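Colleague: The sequence and its predicted three-dimensional model are supplied below.
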Amino acid sequence: MPFSRIRRTLPLAVAAALVPLAAHADQPKRWEIWHQQPASSIMETINDFHLQLMVISVLIVVLVLGLLAYCMWKFNERANPEPSRTTHNTLIEVIWTAVPVMILVGIAIPSFKLLYEEDVIPKAELTVKAIGHQWYWSYEYPDNGNFSFDATMVDDKDLQPKQPRLLTTANPVVLPIGTTVRVITTATDVIHAWAVPAFGVKVDSVPGRLNELWFKIDRIGTYYGQCSELCGVNHGFMPIQVEAVTKERYAQWVEEAKKKFASSMPAGDERLAAR
Ligand SMILES: [Cu+2]
């Protein structure tokens with residue numbers, strides 16, 4: 001991948017220039033202009049593709065600007081008092097039609113590949129259901145203990161040191177790294193959207209409908225996202241906090257969570273769980 005070296009160094013350079021050496025966390029940073037550091041293969045591909053598009057766009061801007069400047073310099077009234085009467089030039093017209101088409105096809109191929117990669121969910125090892133409410137998320141772990149919990153935002157006054165404001169939730173979504181996770185999402189009232197930038201996912205949560213997305217988290221960490229669909233006055237206050245841990249720690253957490261959230265089984269599932 002010709003862009004891989006730039007891809008790796010550019011965001012780091014930008015981050016180093018703009019962010020005073022803060023502890024690494026996968027959350028928005030002040031003056032951030034690049035993506036968050038990818039934590040999934042999908043986000044890596046999105047990053048690559050984004051950079052390719054930037055390079056192509058810059059080349060086009062430079063070319064068009066150059067042509068404009070050249071025309072203004074070469075064909076202005078003073079330099080060129082006797083204007084040419086040329087109206088058509090077949091070769092140039094074929095070129096300026098064919099080249100943009102070729103550029104667009106060149107962009108479409110990796111774009112469709114990426115869309116396909118995002119859309120077709122590999123065999124999932126773990127499913128989590130994210131349900132949007134006005135204004136918080138609740139989660140169900142149907143194939144891992146069958147418990148559910150609410151993830152309301154932690155108020156400013158209750159924040160612990162290092163917990164980012166407007167992003168911290170009372171109960172983070174705990175997930176194992178190196179595992180194909182499928183998130184199915186819906187909503188109970190209006191449309192919300194479940195999004196975590198470091199995983200490269202953003203999918204609408206629509207009442208009466210199940211949408212799905214997938215990712216495989218590369219590294220341990222705390223990842224933050226937000227509802228990404230304008231859903232009412234408290235839209236900005238329904239964050240998403242994902243805690244990525246080792247598979248062993250995850251198994252432990254499931255056992256703890258089964259007890260902790262025992263009273264909040266999804267409605268109608270208590271009898272199933274009791275069997
Ligand atoms: Cu929302």
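Modeller: Perfect, thanks for sending it.
Colleague: give me phi/psi at Thr45?
Modeller: When read as degrees, to the nearest 10, the backbone of Thr45 gives phi -70, psi -40.
Colleague: my bad, should have said Met43
Modeller: The phi and psi torsions at Met43 (degrees, to the nearest 10) take the values phi -70, psi -30.
Colleague: Check Thr169 too.
Modeller: Main-chain torsions, Thr169, degrees, to the nearest 10: phi -110, psi 160.
Colleague: That one touches Glu243, doesn't it?
Modeller: No: judged on CB atoms under 8 Å, Thr169 makes no contact with Glu243 at a distance of 10.0 Å. In this view, the C-beta of every residue, glycine as well, is placed from N, C-alpha and C.
Colleague: ok, those two, which is more surrounded?
Modeller: When Thr169 is set against Glu243 and neighbours are counted by other CB atoms under 10 Å, the residue ahead is Thr169, at 23 against 17.
Colleague: quick one: contacts for that one?
Modeller: By CB atoms under 8 Å, 6 or more residues apart in numbering, the contact list for Thr169 reads Trp137, Ala151, Thr152, Met153, Val154, Pro239, Ile240, Gln241.
Colleague: Report the separation between it and Phe147.
Modeller: In this structure, Thr169 lies at 16 Å from Phe147, with CB to CB, to the nearest Å as the measure.
Colleague: Need the pLDDT of whichever residue of the stretch 1-150 of the chain sits closest to the ion.
Modeller: Using CB to the ion, the single residue of the stretch 1-150 of the chain nearest to the ion is Gly132, 5.2 Å away. In the predicted model, Gly132 carries a pLDDT score of 95.
Colleague: neighbours around it, how many?
Modeller: A count of nearby residues for Gly132, using other CB under 10 Å, gives 26.
Colleague: Would you agree it is in contact with Cys227?
Modeller: Yes: taking contacts as CB under 8 Å, Gly132 lies within contact range of Cys227: 6.6 Å.
Colleague: Let me know the average pLDDT across stretch 215-232.
Modeller: Regarding stretch 215-232, the rounded mean pLDDT is 94.
Colleague: Now that stretch: buried residues?
Modeller: Residues of stretch 215-232 classed as buried by neighbour count (16 or more other CB atoms under 10 Å): 215-218, 221-229, 231.
Colleague: Of all pairs in those, which one spans the longest distance?
Modeller: Pairwise distances across the buried residues of stretch 215-232 (CB to CB) peak at 29.9 Å, for the pair Asp218 and Cys231.
Colleague: before we move on, back to that, could you pull up the residues touching the residue of the stretch 1-150 of the chain closest to the ion?
Modeller: Going by CB under 8 Å, 6+ apart, Gly132 touches 185-189, 191-194, 205, 227, 231, 238.
Colleague: which of these are close to the ion?
Modeller: The subset of these lying close to the ion, counting by CB under 5 Å from the ion, consists of His192, Cys227, Cys231, Met238.
Colleague: Including secondary structure, could the contacts of Gly132 go into a markdown table?
Modeller: As requested, the contacts of Gly132 are arranged in a markdown table below (DSSP: H, G, I helix; E, B strand; the rest coil):
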| residue | secondary structure |
| --- | --- |
| Thr185 | strand |
| Thr186 | strand |
| Ala187 | strand |
| Thr188 | coil |
| Asp189 | coil |
| Ile191 | coil |
| His192 | strand |
| Ala193 | strand |
| Trp194 | strand |
| Ser205 | strand |
| Cys227 | coil |
| Cys231 | coil |
| Met238 | coil |
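Colleague: Appreciated, that's everything.
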